[in-house]
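Participant: sequence first, predicted model second:
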Amino acid sequence: MKPSASPVASTLSAPDAAFAASSLGQTLKRVLATGSASQRQIADYLLRNQMRVTALGIGELADSCQVSTATISRFARDIGHKNYSAMRGAMAETLQALLQPVDKLRHTILHRTRATSPVTESLEYAAANIAATASALVLADMQAVVAQLTRAKVVYVMGFGLSANLAGMLVQHLQPFCQHVVEVVGIGGSEVAAGHLVNLTAHDVLVVISFPRYTLDCIGLASFARDRGACIVALTDAPASPLAALADHALYAQSTHPVLPSSASTALAMIEALAVALMVSNKDNVEKAARLSDIIAAYLVGGEHGGQGPRKFSIQQAKSSSQSKKSSPIKNQG
């Protein structure tokens, strides 16, 4: 009996997004979108568990997917392989190339001699997630999203639960550079979100953010927006995410964590990267960023170059006016 993999080894696998970008990954994504129920179940498992599958026999995979071994064999043939062994070999070959960018970091975590606290381990997972996401990122995908945001009449940003916080941060980054930005959820819930999306058109973009555990409302409202003809941009964890099939453009941020359902650190890094990409995408945005920086500087402690900004000036005026009123008592007109 094979020893079970350690939590770190099983979590820090090859980047899901990079695997999905491979020829085999693209085939599995097509099956996930258009296959039968059993085919979708197998494709979903393969996309989420690439490393594990390379060590599974056909019976073990069938049990994990809750299908028969005959169904697994038929699936392998349907996607162009002679049998299950050939498909598993193709997965192993694909993963071998993808493991290299994060292998050194994973090896360091697994073989360190010092004891690790949960705090340190959490930080190491965050670093590994960001490294894996960066290695798998296709810049053309980011540029395509920037182009959609630039053209959009209205950009709607939606996230529920912890993703609502991420949505709020993205909204703040987008507002100076997009025509109009709407935070769909805000302090409300599904009804508030639906109310905002009623006005959505084919000229708009919906950026939807969701990580495990995915919310049904998020998926349902994204489907509604897609039916309305809007461009859907998904920020999620993997191609196997239910958002991936709905999105015109997807940005993947690996979110594995040893304790939490998912980690938001990489998603935040991706939001910042998207903000930077939008900011430097054209000359007008660069000039807007410079003007915004000048305006904000005047409201910071010390003002611009240590001088008095408009906020300080207005505060001093208010104080002066108050003191003047106190020194010149108004006569009682009663």
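Facilitator: Nice, I can see it. Since this is a predicted model, take the numbers as computed values, not measurements.

Participant: residue 237: neighbour count?
Facilitator: Using other C-beta atoms under 10 Å, the number of residues around residue 237 comes to 27. Just so you know, the C-beta spots here come from the backbone N, C-alpha and C atoms, and that holds for glycine as well.

Participant: the nearest residue to residue 56 once chain neighbours are set aside: neighbour count?
Facilitator: Of all residues not flanking residue 56 in the chain, residue 64 sits nearest, at 7.1 Å (C-beta to C-beta, 6 or more residues apart in numbering). Neighbour count of residue 64, defined by other C-beta under 10 Å: 16.

Participant: which elements pack onto the host helix or strand of residue 64?
Facilitator: Secondary structure assignment for residue 64, by DSSP states H and E: helix 58-65. If you count contacts as 3 or more C-beta pairs under 8 Å, 6 or more residues apart in numbering; DSSP states H and E, helix 58-65 packs onto helix 37-48, helix 69-78.

Participant: report the distance from the first one to the chain centre.
Facilitator: Pointing back at helix 37-48 there. Distance of helix 37-48 from the chain centroid (C-alpha atoms, centre = their mean, to the nearest Å) equals 22 Å.

Participant: what mean pLDDT does it get?
Facilitator: Regarding helix 37-48, the rounded mean pLDDT is 91.

Participant: contacting residues around it?
Facilitator: Applying C-beta atoms under 8 Å, 6 or more residues apart in numbering, the contact partners of helix 37-48 are 16, 19-20, 25, 28-29, 31-32, 35, 53, 61, 64-67, 71-72, 75, 78, 91, 238-240.

Participant: how about a cut-off of 7 Å?
Facilitator: Outside of helix 37-48, the residues within contact range by C-beta atoms under 7 Å, 6 or more residues apart in numbering are 16, 20, 28, 31-32, 35, 53, 64-65, 67, 71-72, 75, 238-240.

Participant: packing partners for the next helix or strand after it?
Facilitator: For helix 37-48, the following helix or strand on the C-terminal side (DSSP H and E) is helix 50-53. When contacts are defined as 3 or more C-beta pairs under 7 Å, 6 or more residues apart in numbering; DSSP states H and E, helix 50-53 sits against helix 84-111.

Participant: please verify my assumption that residue 91 contacts residue 51.
Facilitator: No: in this structure, residue 91 is not within contact of residue 51 by C-beta atoms under 7 Å, at 9.0 Å.

Participant: follow-up on the earlier one: now that we have the contacts of helix 37-48, which one has the most neighbours?
Facilitator: With neighbours taken as other C-beta under 10 Å, the top of the contacts of helix 37-48 is residue 28, carrying 28 neighbours.

Participant: just to revisit the earlier point, per-residue confidence at the residue nearest to residue 56?
Facilitator: Per-residue pLDDT puts residue 64 at 91.

Participant: please apply the same query to residue 175.
Facilitator: Looking at residue 175, its pLDDT stands at 90.

Participant: also residue 169?
Facilitator: 94.

Participant: please, which helix or strand holds it?
Facilitator: Secondary structure assignment for residue 169, by DSSP H and E: helix 162-174.

Participant: show me where pLDDT drops low in the stretch 51-200 of the chain?
Facilitator: Across the stretch 51-200 of the chain, the ranges flagged by pLDDT under 70 are 96-116, 187-188.

Participant: quick revisit: contacting residues around the helix or strand following the helix holding residue 169?
Facilitator: For helix 162-174, the following helix or strand on the C-terminal side (DSSP H and E) is strand 181-183. Contacts to strand 181-183, defined as C-beta under 7 Å, 6+ apart, come from residues 154, 155, 156, 157, 167, 168, 171, 174, 175, 196.

Participant: next, count neighbours for the third one.
Facilitator: Using other C-beta under 10 Å, residue 156 has 25 neighbouring residues.

Participant: of all the contacts of helix 37-48, which comes closest to residue 250?
Facilitator: residue 239 (7.3 Å; C-beta to C-beta).
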